[in-house]
Structure formats: C-alpha cells, structure tokens
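A.B. asks: Sharing a sequence plus its predicted fold:
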Amino acid sequence: MSSVTAVPITPTKRSALVWLWLGIIVAIAGAVALAWVGTEKVVTERADNASFLARNKTQTGVTETASGLQIQTITEGTGASPTDSDVALVNYKGTLRNGETFDASQQPTPLPVAGMIPGFTEALKLMKKGGKYRIWIKPELGYGSEPKTDPRSGREVIPADSLLIFEVELLEFLPMSVYQQMMQQQMGGAPGGAAPPPPGN
C-alpha cells in the first residue's frame, strides 16, 4: 500500500481571521455607500419630480405639508408668522434641481405674501421672523407647465414643469397697509396715494 505525504497547513491565527472579517465588512459597507450615493445622484439628476420629492421627504429635517410643499428649517425663527395681508422682507435664492440659480435677491426684498406663487405664499405663512428655510416647490404650486423667460434677454430661465428650490430668510414682515403708507411717505405723498407694488409680483 502506498502512502501520500501531506504537507501540513499552518493554522490561521484568530487575530488574522478578525482582521479578515473586518475587511469584508468595510468592503461591503463601502459598496453600499457607493450604491446609495449613486442612487441619490441618479434620482437628483434624472428622476421625475414625483420620485425626487418622494425621496427628498425622507431626508433629515424635511417635512411635507398637505399640499405637497416640502420645507426644511435651517435656522428656527421666533414669534408670529406672516399672513396674506402682510408684506414680508426676505433674502432669497431660487435654483432648479440641477443647481442652476434662476433668481436671487441682491438685498433684503419686500414681497407681498399673497402675491407670490402658491408654494412660496404657503411657505412664507409657515415661517417665523429671523428664520431661514429651504423649500421645494413642485410645479403644481409653482409655474406649472408655463416656462418663464427673462424679460430683458428673452432667455428661458425656468423650463416648463420645473421643481423650484428656494432658500429664504425671513427678516421682517408688516401689514400691506403700513407698507403702502411708508412708501407713500418716501415718495413725498404723491397725488393718487397708491404706492407701487413691492417687487416680486
């Protein structure tokens, strides 16, 4: 009977097995993270508005109202909130989903609460003075299927069915009647009495 000579295998140290498993776990975690980042990028850049909003409302600090407006508080304000009869003094920046800025205030800007697109009006009435917020406005609460162009250049700045993203800081608000009186006084009490409407209509 012949015999086979076997070469003995050196036992693997327990510490080496621990490091091996740790390496596997880290590799799996990295793969999951990459997949999540990749999915996030695809949803942000390519998904339709409904899919984007469905994913966005799961992000930390994002709340959704009954109308579908989404809000994230960056800095909490204090006190009361504006109403439809008020003028809000705000700093704001508006961007599209691709990050392109379509509008931004150059200085604190008075806006009639009831004179804005529905989503912006709703957001203003939820804010408090001194607060800063990020809001996502779906097309139905924005400009809908109507594209918006720059009146000076004629260039399209907001495509049809665009989801709008704003960062808004509410500095102050006051009744429209008080604002109109202030404007009239600044104009020297011009005949006719009607102050021009605040910018942003």
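C.D. replies: All right, it came through fine. Numbers count the residues shown, from 1 in each chain.
A.B. asks: Which parts of this structure are strands?
C.D. replies: Using DSSP state E, the strands of the chain run over 62-64, 70-75, 86-95, 101-104, 109-112, 132-137, 148-149, 156-158, 164-175.
A.B. asks: Ok, which of those strands comes nearest residue 181?
C.D. replies: With Cβ to Cβ as the measure, strand 164-175 is the member of the strands of the chain nearest residue 181 (9.4 Å). Where you see a C-beta, it was placed from the backbone N, CA and C, and this is true even at glycine.
A.B. asks: other SSEs contacting the closest one?
C.D. replies: strand 86-95, helix 118-124, strand 132-137 (3 or more Cβ pairs under 8 Å, 6 or more residues apart in numbering; DSSP states H and E).
A.B. asks: Determine the angle, from 0 to 180 degrees, between it and strand 86-95.
C.D. replies: With axes from the mean of the first three to the mean of the last three Cα atoms, to 10 degrees defining the directions, strand 164-175 sits at 160 degrees from strand 86-95.
A.B. asks: Now strand 164-175: buried residues?
C.D. replies: Of the residues in strand 164-175, those buried under the neighbour-count criterion (16 or more other Cβ atoms under 10 Å) are 164, 165, 166, 167, 168, 169, 170, 171, 173.
A.B. asks: about what we covered before: which one, of the helices and strands packed on strand 164-175, ends up nearest to residue 149?
C.D. replies: When the helices and strands packed on strand 164-175 are ranked by proximity to residue 149, the top entry is strand 86-95, at 14.9 Å, counting by Cβ to Cβ.
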